[in-house]
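> generate coordinates for the sequence data below:
(chains A and B)
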Amino acid sequence: MLEISDLVCCYGKVEAIKGISLSIKQGQLVALIGANGAGKSTTLRSISGILPASSGRVVLEGQDITRCSAREILARGIAHCPEGRRVFPDMTVEENLDMGAYLRRDSAEVAEDRDRVLTQFPRLAERRSQVAGTLSGGEQQMLAIGRAIMSKPKLMMFDEPSLGLAPNIVEQVFEIIDGIRKSGTTILMVEQNAYAALDMCDYAYLMEAGSIVLSGRGSELIDDKHIREAYLGG
Amino acid sequence: MKRFLPWIALLALTSVPMWLKDPYLLNAFVTTGIFIVAAMSLNLLLGYTGQLSLGHVAFFGIGAYTSALVSLGFDVELVGGFRVIHEPWPVWLGFIMAILVSGLCGYIVGKLSFRVRGAYFVIVTISFAEVVRLVALNWVELTQGPLALTSIPPMALGLPGLGYFEFFSKQSNFYLVLGVVALSYVIISRLVNSRIGRAMVALKENESLAVSVGIDVTRYLVLAAVVSAGIAGAAGSLYAHYLKIIDPDVFLFLYTVTMVIMVISGGKGTLAGPIVGGLIFGFIPVVARSFAAPEIQWILYGLFMILIVFVLPQGIVPAIEKWFGVGEEPGVPGAAAAKIQDAR
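Okay, the predicted model is just below:
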């Protein structure tokens, strides 16, 4: 579904990604793991067009989207849940969800989808008119996921969905992501929590210093010696 | 209640010339009104997109000069003996040209500076205002330089053959300015409550997230700059035809500062903010003049400003909304309060 070949990305003169290749098949949950600064988030930013690639190719369903703008890429079906500040703090929950459908013109269906998302996340439904900045971290992450669903993506990319959340909330968030995968949406997930990511993914790539150093099925990588030592604590 | 508030305010202001006969106070209303229009245009950029235009007076001054020159006519020699002769046009065409030319300048400044954010836009706008001021000062053949453009005709509406109405008296100018304030209010409120306005607020709140939901950030910033500059140009045109004389001092940094004070004190990012802030800071000098010596007047102005910034850092309008709960959504107590607190 998504094929990336020899992708290079630079911040100024520094190469943050040094020519990586990866592929994601329809319906898969693919994890991208690695330490801080390995280039995982940069990879996502590059795929979604926020950070233009210096060279290499990104192909979505046979079409080259390397040079497309962020807007076109979203319109073609790739949604990006960025890390850190995940919501528009001064907008209400509903307004945040509507922002996710910003490019869609079918307002009747958007309203239906919004109601569906709100039924899916009862916590958000209770707070539908509340401004998003007053939600808890976990609720904000759910809202960010809901917002990404609103763009009706074929591929959803999550950047550190567990970052800064309480352990029981992390579990819930992973369950939600698993649910989205089961509903047929392809997922690319960047995650520092290597064990959780490897446990739930179909396929995983390990990045170190801007390159992919290892790849394989999640269950294989969990048993890999290098990964056990460096990322899973022995 | 909130829905009717602008109409009540408009109605109350409409009655002002009927009971207020003092020409000095009416004059204060007209000039304050003109600056309120300018402050509203600045609010569109500063309050809704978060971009600070510290050279906003440039668009105001360009509007004033454009309108004056179009209605006065000019005869300039450009390079190589090429002459441009312009016969005087009706004043209302000057008003429209002022909006168009200022809007175009907003487009150019926006296109040039919104490749980068924040400080760069501030610097570009300040330099732009300074360059335009120097042009107005030195291109004597066109602008009369420091000798000023004089005998600018009053604003006139109408079509040839149907007769003109000239806005000569203070009363008629009051209604003219009130009309432009109301129209600008409608335009800005339509804009910020539309899809485009949503996008502007989104990019102010979290730009990278706005990009990731598919908002073309630069396009909306430039659009805001064009509309904002156009409205500022309209204010400039009103200024030129009301005072009937303009010189390069219309480009003074002080005027930009006045607009910023009006917007910040009234509440940036609120529709009524620049109007409330504008009325207060437009009338402090007028009221203070009646009982205080000149040096005391400005001290009072400064003190009042500091007081507002300390006591109501969000501005007057959000504070009022918080006290009276006007801005709250039904059934969600505390939403407005939380919103204000969260915006910091």
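
> for the longest helix seen in chain A, name the packing helices and strands.
Ranked by number of residues, the top helix in chain A under DSSP state H is helix A:167-182. Packing partners of helix A:167-182 (3 or more CB pairs under 8 Å, 6 or more residues apart in numbering or on different chains; DSSP states H and E): strand A:29-34, helix A:137-150, strand A:186-191, helix A:194-200. Just so you know, the C-beta spots here come from the backbone N, C-alpha and C atoms, and that holds for glycine as well.

> swap the cut-off to 10 Å and go again
On a contact count with 3 or more CB pairs under 10 Å, 6 or more residues apart in numbering or on different chains; DSSP states H and E, helix A:167-182 meets strand A:29-34, helix A:107-120, helix A:137-150, strand A:155-159, strand A:186-191, helix A:194-200.

> could you export those as a markdown table, including distance to chain B, mean neighbour count and mean pLDDT?
A markdown table is the format used below for the helices and strands packed on helix A:167-182 (distance: least, CB to the nearest CB, whole Å; neighbours: other CB atoms under 10 Å in any protein chain shown; pLDDT from 0 to 100):
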| stretch | distance to chain B | mean neighbour count | mean pLDDT |
| --- | --- | --- | --- |
| strand A:29-34 | 17 | 26 | 90 |
| helix A:107-120 | 10 | 15 | 86 |
| helix A:137-150 | 7 | 23 | 88 |
| strand A:155-159 | 9 | 25 | 91 |
| strand A:186-191 | 14 | 24 | 92 |
| helix A:194-200 | 21 | 20 | 86 |
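
> could I get those in a markdown table, plus columns for distance to residue B:130?
Shown next, in a markdown table, are those (distance: least, CB to CB, whole Å):
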| stretch | distance to residue B:130 |
| --- | --- |
| strand A:29-34 | 50 |
| helix A:107-120 | 46 |
| helix A:137-150 | 43 |
| strand A:155-159 | 43 |
| strand A:186-191 | 47 |
| helix A:194-200 | 55 |
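
> quick one: closest of these to residue B:283.
Comparison of the helices and strands packed on helix A:167-182 against residue B:283 by CB to CB identifies helix A:137-150 as nearest, at 43.8 Å.

> quick check: chain neighbours aside, which residue is closest to residue 114?
I'll assume chain A. Excluding its sequence neighbours, the residue lying closest to residue A:114 (CB to CB, 6 or more residues apart in numbering or on different chains) is residue A:97, at 5.1 Å.

> think we crossed wires, I meant chain B
Nearest residue to residue B:114 in three dimensions, chain neighbours excluded: residue B:221, at 4.5 Å (CB to CB, 6+ apart).

> how about whichever strand or helix holds the one you found: buried residues?
Taking DSSP states H and E as the definition, residue B:221 sits inside helix B:217-243. Within helix B:217-243, the residues that count as buried by 16 or more other CB atoms under 10 Å in any protein chain shown are B:217, B:220-242.

> okay, now the unreliable bits of chain A?
For chain A, the stretches with pLDDT under 70 are A:234.

> from the middle of its chain, how far away would stretch B:208-228 be?
What separates the centre of stretch B:208-228 from the centre of its chain is 21 Å, taken as CA atoms, centre = their mean, to the nearest Å.

> low-confidence stretches in chain B?
If you take pLDDT under 70 as the line, chain B has these spans: B:1-2, B:118, B:159-162, B:326-344.

> what are the ranges of the strands in it?
B:74-77, B:83-86, B:156-159, B:163-166 (DSSP state E).

> which residues touch the residue most central in space within chain B?
Note on chain B: the residue nearest the mean C-alpha position is residue B:38, at 0.9 Å, using CA atoms, centre = their mean. When contacts are counted by CB atoms under 10 Å, 6 or more residues apart in numbering or on different chains, residue B:38 touches B:56-57, B:59-60, B:63, B:184, B:228, B:231-236, B:238-239, B:255-256, B:258-259, B:262-263, B:274, B:278.

> state the number of residues packed around residue A:217.
12 (other CB atoms under 10 Å in any protein chain shown).

> so it touches residue A:29, yeah?
No - the pair residue A:217 / residue A:29 is not scored as a contact, 11.5 Å apart, by CB atoms under 10 Å.

> what's the overlap in contacts for the two?
Residues touching both residue A:217 and residue A:29 comprise A:201, A:202, A:203, A:204, with contact defined as CB under 10 Å, 6+ apart.

> need the contact list for residue 230.
No chain specified, so I'll use chain A. A:34, A:35, A:194, A:206, A:208, A:224.

> oops, I was thinking of chain B
B:41, B:59, B:63, B:98-107, B:184, B:187.

> now it. Nearest residue, chain neighbours left out?
Sequence neighbours aside, residue B:103 is the residue nearest to residue B:230 in space, at 3.6 Å (criterion: CB to CB, 6+ apart).

> for that neighbour, list the residues it contacts.
Contacts of residue B:103 by CB under 10 Å, 6+ apart are B:59, B:62-63, B:225-234.
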